[in-house]
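Enquirer: With the input below, show me the fold.
(2 chains)
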Amino acid sequence: MSQKITMGAALTPEKIAEQLADGGAVAPASVAEYALRLGDDALILSQRLGWWIARAPEIEEDIALGNIALDLIGHARSFLTYAGSAWGKSEDDLAYFRDEPDWRCAQIFELANGDFAHTIVRQFAVSFFQFELYSRLVDSSDPVLAAIAAKAVKEVDYHRDHSAQWMLRLGQGTEESRRRVQVALTDVWPYVDELFRDDGLIDDVLIDDLDGVAVRPTTLREPFDELVGRVLGQADLEVPTGAVARGGGRDGVHTGGFGVLLAEMQVLARQYPGATW
Amino acid sequence: MSLAEGTAPGRMDRGAAGGDDAEMARFDEIMAADGRIEPTDWMPDAYRRALVRQISQHAHSEIIGMQPEGNWIGRAPSLKRKAILMAKVQDEAGHGLYLYSAAQTLGTDRDTMFEQLITGKARYSSIFNYFTPTWADMGSIGWLVDGAAICNQVPLCRASYGPYGRAMVRICKEESFHQRQGFEILLALMRGTDAQREMAQESVNRWYGPALMMFGPPDADSPNSQQSMAWNIKRFSNDELRQRFVDMLVPQAEVLGITLPDPAIAWNEERQSYDLGDLDWTEFHEVLAGRGQANAERIERRREAHEGGEWVREAARAYARKQAEAADAAEAQVA
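Expert: Residues are numbered from 1 along each chain as shown, chains lettered A, B, ... in the order given. Okay, here's the model as predicted:
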């Protein structure tokens, strides 16, 4: 790439697309695969969270969850724009014209919103994971990934704060909130494991192509457990152990509700193929 | 955490006769000088009631108004449009929040206002009782509904009640951004395929009349308007604002290439304004009477969110209470 994409210059997907075009460079195939999964994670969670806007328990939460969804769609657009550069595809080609098996998000991102406790527990796990991931990805030797991560890590830090505060409120609030958040932990936690697996892309490609570019998921587990454990301890909640979901999101295996999520998200774009909006 | 939990100034006990002559004279003086009333100033009960009625109605409109557009967040046809739409609906939640806060300074708390909303005692703008069956409705709402709202609201930035006027300054800035976004959605559709152009025109056909009715009934039939104008809460009459809106709209429709669905629209050289045809006020009164497309759906959704979220708010209150008790205990120990 002719020009280093700095943090400030890579804030919008349009900017990324523009700079990539200017430099005549595209994401290398393995980097694109890696960016695709990060983009899918963020986009699918944003799609889920968007549902809460106008449905949250109070207006402040309509705003907070909306903010998080907005941050995530911003990250997604950047990652997908970068990934798409490898295949001559736009962010919208990737978001609207891929079928279920082509999506690379881990399953936790697509889990149904459930009640507010389920949404918060999902957010709690995911934001602590993403923070650990992005805070290492800022040192990636790939300048685009590093720049996207540099913006994302600051925002995800707020997401951590938001979800941790709710874990405390729900855990130490009322008997009912405590019961609900414990149920949510039992339901959501089996999907946490998948976030920290080194899969085919990482194992086979990392040593050659992605070394210094990507972050090995397995390396994130320890700091994640440490921080998450601290919050759960403070909230007086039990860390769920035992059940682990089989996963497979990185290989295109998705949970029951995912097809319906895609159907909603993609319906209009697919109704008018070739249209610009 | 929630503003609803804050203590509002308890001034409702001061009846209309509660103010002495000097206080009333001072109030009249401020009105005459076009000055501002602040929460700690004395004000007549009727002025307070009129404000609470108007501000809470406005707040409810913002909150209910999130629904027709929220309907398309999940289906927005591009990621950029999705992000813009989410930000917009989120802005509306923010507007609701400023306005409820402004109303709270008059002694009515948010829970009371919510209760009035979900039990149907309080009104909100009827425009939000229409369905949004197509994506083009996101454009029409921005261009027409937010456009009409701006004409209504810009004068409110100078409203005599300080917290309301100041909230409106911020709201108007964001609304004018929303209007341009709506215009831009329609422009993209009009520059698109035949099917997209049809979608845009069909949507504008549906929203034009209801948007014009947002200014309220013709001046002759608007009972609350005169007092509000005397108190400097409202600055222009319904018909004046409606005219101003149409005059703004016609050239914009030309740029879009959209036909406004009123064959009577014609430039009137003498008045230097556009003439317009009659509106279907029967329809307006039907919706106002609760027989619009979505009246029941809107309230049901709000009630679901409010009641379904009670356990969450209760947990937050309980946690805050425990934290405060723990802090007190720690302080006592130090002492």
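Enquirer: near chain A, which residues of the stretch 1-150 of chain B?
Expert: Proximity of the stretch 1-150 of chain B to chain A, by Cβ under 8 Å from any Cβ of the partner chain, involves residues B:1-2, B:4, B:63, B:66-67, B:70, B:73-83, B:86-87, B:89-90, B:93-94, B:96-97, B:100, B:135. Using the backbone N, CA and C atoms, a C-beta is placed for each residue, glycine as well.
Enquirer: Drop anything exposed from those.
Expert: B:2, B:4, B:63, B:66-67, B:70, B:73-83, B:86-87, B:89-90, B:93-94, B:96-97, B:100, B:135 (16 or more other Cβ atoms under 10 Å in any protein chain shown).
Enquirer: Tell me where the model's unsure across the stretch 101-250 of chain B.
Expert: Across the stretch 101-250 of chain B, the ranges flagged by pLDDT under 70 are B:223-226, B:233-234.
Enquirer: What segments of it are helices?
Expert: B:110-118, B:136-140, B:147-153, B:162-190, B:194-213, B:225-230, B:238-256 (DSSP state H, counting those that start in this stretch).
Enquirer: I'd like those laid out as JSON lines, including mean neighbour count.
Expert: Formatted as JSON lines, the helices of the stretch 101-250 of chain B follow (neighbours: other Cβ atoms under 10 Å in any protein chain shown):
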{"stretch": "helix B:110-118", "mean neighbour count": "19"}
{"stretch": "helix B:136-140", "mean neighbour count": "27"}
{"stretch": "helix B:147-153", "mean neighbour count": "23"}
{"stretch": "helix B:162-190", "mean neighbour count": "20"}
{"stretch": "helix B:194-213", "mean neighbour count": "19"}
{"stretch": "helix B:225-230", "mean neighbour count": "14"}
{"stretch": "helix B:238-256", "mean neighbour count": "18"}
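Enquirer: any chance of the ones you listed in a markdown table, with distance to A:Ile148 too?
Expert: Converted to a markdown table, these look like this (distance: least, Cβ to Cβ, whole Å):
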| stretch | distance to A:Ile148 |
| --- | --- |
| helix B:110-118 | 39 |
| helix B:136-140 | 28 |
| helix B:147-153 | 36 |
| helix B:162-190 | 25 |
| helix B:194-213 | 32 |
| helix B:225-230 | 51 |
| helix B:238-256 | 36 |
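Enquirer: Those: which one's closest to A:Gln234?
Expert: helix B:110-118 (29.7 Å; Cβ to Cβ).
Enquirer: what mean pLDDT does stretch A:220-235 have?
Expert: The pLDDT scores in stretch A:220-235 average 97.
Enquirer: just stretch B:307-320 next, same as before
Expert: Mean pLDDT, stretch B:307-320: 97.
Enquirer: wait, does it make contact with chain A?
Expert: Yes. If you take Cβ under 8 Å from any Cβ as the test, stretch B:307-320 does meet chain A, through B:308-319.
Enquirer: Restricted to helices, list the buried ones among the residues of the stretch 1-150 of chain B next to chain A.
Expert: Those of those mapping onto helices are B:63, B:66-67, B:70, B:79-83, B:86-87, B:89-90, B:93-94, B:96-97, B:100, per DSSP state H.
Enquirer: Quick one: the helices in chain A, in order.
Expert: Using DSSP H, helices in chain A cover A:13-23, A:29-50, A:59-84, A:91-96, A:107-110, A:116-137, A:143-172, A:175-188, A:200, A:221-234, A:258-271.
Enquirer: Give the residue farthest from the middle of chain A.
Expert: A:Glu175 (31.2 Å; Cα atoms, centre = their mean).
Enquirer: And that one, how far from chain B?
Expert: 9 Å (Cβ to the nearest Cβ, to the nearest Å).
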